[in-house]
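K.L.:
Next input, structure requested:
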Amino acid sequence: MQPSQLVFGALTAALLLNGTAHLHANAQTSDNWIKQAMGRYQSQIWSGGDLLTGTTEFRQARDGAIEGRYTMNEQGKLTPGTLSQCQTIEVRVLRCAWNDKYGTGSLEVTFSEDFSGFNGYWGEQNEEPAFRWDGSR
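P.N.:
Numbers count the residues shown, from 1 in each chain. Presented below is the predicted three-dimensional model:
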């Protein structure tokens, strides 16, 4: 075997091992961030021309699906809602369907690196999310 073939073979093996380790690390990171993101957040949701306080909670169902619920404080009355069909868009980014007495739509949130909060936007059904929905622990 030529020296150049040995170097090429060693380089190829190193790249393959590094790529495999990188893929494994990304898969593990993906699982870990979801667990860290789960829980209850104090939230602020732009609704009806006001920034309403409330709570937003994300949880993982027994089947592994991500779902949740939220409340909005509207002049002392709590309006409840649900989050369903949550999908990971990328690491620390979730897109969910929201549903409450006003209708349905989508919510996209990006969690902070330490999972102390999230910044997000919501929109009505068939519209791109454009209204603020933030949370902090």
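K.L.:
need the helices for this protein, in chain order.
P.N.:
Assigned helices in the chain, in chain order: 3-37 (criterion: DSSP state H).
K.L.:
Any regions of it where pLDDT drops low?
P.N.:
1-31 (pLDDT under 70).
K.L.:
Grab the most central residue of it for me.
P.N.:
For the chain, L94 is the residue whose C-alpha lies nearest the centre (CA atoms, centre = their mean; 2.6 Å).
K.L.:
Relative to the biggest strand by length in the chain, what are the paired strands and their orientations?
P.N.:
When the chain is parsed with DSSP state E, its longest strand is strand 77-90. If you go by DSSP bridges, strand 77-90 pairs up with strand 66-74 (antiparallel), strand 93-100 (antiparallel).
K.L.:
out of these, nearest to F58?
P.N.:
Closest of the strands paired with strand 77-90 to F58 is strand 66-74, at 4.4 Å (criterion: CB to CB). Placement of C-beta: from N, CA and C, glycine included.
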